[in-house]
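>>> Output the structure for:
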Amino acid sequence: MSAPVASIVVSPGRVGLDDLARVLAGAPVVLDPSFWPRVDAASAIVASAARGNDPVYGINTGFGKLASKRIAADQTALLQRNLIVSHCCGVGPVTPEPIVRLMMALKIISLGRGASGVRREVIELLQAMLARGICPLVPQQGSVGASGDLAPLAHMTAAMIGEGQACVGGKTMPAREALAAAGLAPLTLGPKEGLALINGTQFSTAYAITGLLRAHNLLTTSLVTGALSVDAAMASTAPFRPEIQALRGHAGQIAVASALTALIDGSDIRQSHLEGDERVQDPYCLRCQPQVAGAALDLLVQAAGVLTREANAVTDNPLVLVETGEIISGGNFHAEPVAFAADQMALAISETGAISERRIATLVDPALNFGLPPFLTPEPGINSGFMIAEVTAAALYAENKQRAAPCSIDSTPTSANQEDHVSMAAHAARRLSDMADNLAAILGIELLVAAQGIQLRLPHLTSPALAAVIALLREEVPALGADRYMAGDIARASALVEAGALPAAASAVLTQNPFPMLA
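Next comes the predicted model:
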């Protein structure tokens with residue numbers, strides 16, 4: 001039996017991406033105790049408003065277009081319950097458990113800022129559910145990212161009040177049973193608490209952060225496969241010189257060129273054609289890697305800043321200003337920053353795959369690969385080699401290109417025109433998962449192709465860093481001789497890519513980690 005994972009103590013406003021990555025890996029979350037007094041103070045302000053005569057949105061009124069409807073004090077609990085069950089309108093596949101857990105953690109962080117007016121019992125129940133492995137079943141579809149991720153967050157909240165379903169240890173059961181089995185009681189929502197739980201961008205942000213972490217891993221891996229392709233094609237490393245990058249000045253470009261240089265350093269293949277090579281310039285897919293991958297890195301770094309701020313933000317409505325005792329309606333639930341960040345990441349993922357696919361195509365084409373056999377098979381004709389692996393990469397790249405179209409510009413009015421501009425952040429972020437799957441497979445194919453090309457350059461050897469990567473691959477996939485069933489090779493190579501194994505193998509033989517970070 002594995003040991004329990006240590007909880008992360010979160011201080012809202014100061015939570016970083018490393019913390020959130022640990023949540024995705026299974027770590028529970030608890031609120032920094034120093035934040036409880038502010039949570040209690042905001043809750044007391046809401047309780048006072050609920051006892052008063054003045055209408056306050058979401059506390060003693062209806063919601064959205066029904067905000068003008070006054071609700072009696074003795075119906076407050078019913079109002080909040082009805083809000084949750086009526087908003088459980090999600091459809092489609094179930095959201096993966098790690099993303100639901102991250103969504104719950106993000107809600108703890110947001111409520112923990114002490115501007116939402118919930119009682120500490122609400123936060124404590126979310127903490128207990130994370131600690132005891134109770135994961136609400138949350139359908140993926142139904143949010144337009146406007147007044148928060150209403151439907152997905154309603155499904156999360158439904159489990160807290162004993163409605164809907166939850167998953168515990170891989171088994172799906174009624175949420176009330178899941179709570180009881182863990183020794184927890186369903187929550188009776190107080191004034192504003194249902195609204196605080198379903199207003200917010202935590203569903204979109206959880207998907208976007210997951211996409212960001214995967215995209216960064218894949219981008220750094222693409223530097224390894226790109227370096228392998230440079231050596232396999234016997235391409236020049238002169239375009240990676242720091243003087244060229246400094247004259248343009250983009251941080252991502254400078255970092256990528258530095259990483260490529262470090263990865264190829266010590267290559268005998270590179271030394272073998274420094275003189276007597278009749279080629280003047282290499283194709284852009286090899287030569288312009290710093291400019292393309294660097295621009296993609298810059299987009300990811302910008303998105304990381306946005307999403308880190310969003311992870312620490314209060315995004316429900318209305319908000320409680322503890323210093324003045326006011327309860328003010330605003331629009332922090334609108335997920336436009338998340339939608340923009342997701343659209344940027346989609347561009348980065350798509351272009352990383354686009355240039356990788358071109359490198360694959362270059363290496364299998366005898367007109368471009370500088371002396372390698374067609375499709376990198378020792379006996380072309382009787383064997384097809386990597387012919388259709390390149391076609392698969394092209395198909396995956398085409399899918400990603402179509403998915404990279406911006407979602408954030410596709411607004412449509414909802415809720416009787418009360419919510420007349422929406423962000424579409426939820427599916428902007430959700431599509432990143434499929435795009436990352438495709439990119440991992442493209443890079444897996446490039447790994448296979450480039451490693452084969454380097455082997456065909458014997459007796460000349462690649463660099464120590466790249467040799468370590470090839471050795472890792474050969475533990476899973478042998479070099480290609482006669483044609484064989486290829487799907488398994490691609491799957492195993494893609495798994496190495498997804499696991500981040502290539503940068504790790506290269507870094508292990510270098511004196512310094514050359515790979516750029518998100519922050």
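>>> I'd like to check what contacts stretch 287-300. Which residues are they?
Here stretch 287-300 makes contact (CB atoms under 8 Å, 6 or more residues apart in numbering) with 212, 215-216, 219, 222-223, 226, 230, 235-236, 239-240, 244-245, 248, 250-257, 260, 281, 344-345, 347-349, 351-352, 355, 516, 518. Where C-beta positions appear, they are placed from N, C-alpha and C, glycine not excepted.
>>> Nearest residue to Q344 in space, please, no chain neighbours.
L299 (4.6 Å; CB to CB, 6 or more residues apart in numbering).
>>> where does the one you found fall, phi/psi-wise?
The phi/psi pair for L299 (degrees, to the nearest 10) reads phi -60, psi -40.
>>> From G145, how far out is it?
Taking CB to CB, to the nearest Å as the measure, L299 falls 20 Å from G145.
>>> pretty sure I445 contacts R359?
No. I445 lies out of contact with R359 (CB atoms under 8 Å); the separation is 10.1 Å.
>>> so the spatially most central residue of the chain is in which element?
Geometric centre of the chain, nearest residue: G211, 1.6 Å, by CA atoms, centre = their mean. Assigned by DSSP states H and E, G211 belongs to helix 202-232.
>>> V46 now?
Assigned by DSSP H and E, V46 falls in helix 36-51.
>>> Measure how far the helix or strand of the chain with the lowest mean pLDDT is from the centre of its chain, please.
With mean pLDDT, DSSP states H and E as the measure, the helix or strand of the chain carrying the lowest mean pLDDT is helix 76-87 (a mean of 90). Mean-position distance between helix 76-87 and its chain equals 32 Å (CA atoms, centre = their mean, to the nearest Å).
>>> Equivalent analysis for stretch 191-202, please.
23 Å.
>>> before we move on, what about stretch 256-276?
32 Å.
>>> Can you point out the buried residues in that stretch?
256-267, 269-270, 273 (16 or more other CB atoms under 10 Å).
>>> Pick the one among these closest to Q418.
V256 (46.1 Å; CB to CB).
>>> State the helix or strand in which that closest one lies.
helix 251-264.
>>> counting contacts, what elements does that helix pack onto?
Packing partners of helix 251-264 (3 or more CB pairs under 8 Å, 6 or more residues apart in numbering; DSSP states H and E): helix 202-232, helix 242-248, helix 289-311, helix 464-474.
>>> From the contacts of stretch 287-300, list the buried ones, please.
Judged by 16+ other CB under 10 Å, buried ones among the contacts of stretch 287-300: 212, 215-216, 219, 222-223, 226, 230, 235-236, 239-240, 245, 252-257, 260, 344-345, 348-349, 351-352, 355, 516, 518.
>>> before we move on, the earlier item: please identify which of L299 and G145 sits among more neighbours.
Each of L299 and G145 has its neighbours counted (other CB atoms under 10 Å); G145 has more, 29 against 22.
>>> Could you report the distance from the more buried one to P337?
10 Å.
>>> repeat for D483
50 Å.
>>> For these two, indicate the residue with more neighbours.
P337 (22 against 15).
>>> per-residue pLDDT, that one?
At P337, the model reports a pLDDT of 96.
>>> ok, now G52?
pLDDT, read off for G52, is 84.
>>> S272 now?
88.
>>> now do P413
74.
>>> what about it, how many residues close to it?
P413 has 13 nearby residues by other CB under 10 Å.
>>> Give me the distance between it and L297.
37 Å.
>>> and the gap between the nearest residue to A441 once chain neighbours are set aside and R270?
Nearest residue to A441 in three dimensions, chain neighbours excluded: S494, at 4.8 Å (CB to CB, 6+ apart). According to CB to CB, S494 stands 27 Å off from R270.
>>> ditto for G62
Following CB to CB, the distance that separates G62 from R270 is 70 Å.
>>> A246 too?
Where R270 is concerned, A246 sits at a distance of 22 Å (CB to CB).
>>> cool, and M345?
For M345, the distance to R270 - CB to CB - is 33 Å.
>>> And H427, by the same measure?
Taking CB to CB, one finds H427 at 45 Å from R270.
>>> The residue nearest to T201 when sequence neighbours are not counted - how many residues pack around it?
Closest residue to T201 apart from its sequence neighbours, by CB to CB, 6+ apart: A335 at 4.3 Å. A335 has 34 neighbours, counted by other CB under 10 Å.
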